[in-house]
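Novice: take a look and give me a structure for this.
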Amino acid sequence: MSSAWHPGREPATVPDIVPLRTATAQGPLRARDLRTAAAPAPTIVGTVTAVPAYSATQDEVKTRLRALFDLPTRRLDAAMELFDHAAVERRYSVEPVERLGVPRPLGEIQDRYREHA
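Specialist: Prediction:
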């Protein structure tokens, strides 16, 4: 038994564990007993991976970014090293790589994200 405090009232005693029902003479049936006895363990029967419709290789993405960024060669090479160190062979997108860097209104971008989320 433990005491529970209520503002403006005297402490009351409540049982530490309230049995759901008594299963046998062995003692009360607790929630963990019901979980393990109620159903067999769940089983994963299959997995699937969903990816957007468009994909581009690492080299295709880097070629497109080189065309978009107006940077000195040395700085652009340093930026491209970030892609190399990521070790991502293929990238997926809801837009083709040719659309990368094309100016669009914010509302259109939001609509595309919402459509493909």
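Novice: so where is this protein shaky, pLDDT-wise?
Specialist: Scanning the chain with the threshold set as pLDDT under 70 gives 1-39.
Novice: quick one, strands of it?
Specialist: 2-4, 12-14, 22-24, 27-28, 54-57, 90-93 (DSSP state E).
Novice: what does the fifth one contact?
Specialist: Same thing as strand 54-57. Contacting residues not belonging to strand 54-57 are listed as Arg64, Glu89, Arg90, Arg91, Tyr92, Ser93, Val94, Glu95, Pro96, Val97 [Cβ atoms under 8 Å, 6 or more residues apart in numbering]. (Glycine included, C-beta is placed from N, CA and C.)
Novice: and that strand, what's buried?
Specialist: Within strand 54-57, the residues that count as buried by 16 or more other Cβ atoms under 10 Å are Ala56.
Novice: tell me the strands beside it, with direction?
Specialist: Note on strand 54-57: by DSSP bridges, its sheet partners are strand 90-93 (antiparallel).
Novice: give me the buried positions along the partner strand.
Specialist: Residues of strand 90-93 classed as buried by neighbour count (16+ other Cβ under 10 Å): Arg91, Ser93.
Novice: export it to CSV, keeping only CA atoms.
Specialist: Taking Å, rounded to 0.1, in the frame of the first residue of the first chain, the C-alpha atoms of strand 90-93 are listed here in CSV:
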residue,chain,number,x,y,z
ARG,A,90,22.7,6.6,-56.9
ARG,A,91,20.5,9.4,-55.7
TYR,A,92,16.7,9.4,-56.0
SER,A,93,14.4,12.4,-56.5
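Novice: quick revisit: of the contacts of strand 54-57, closest to Pro105?
Specialist: Nearest to Pro105 among the contacts of strand 54-57 is Glu95, at 14.5 Å by Cβ to Cβ.
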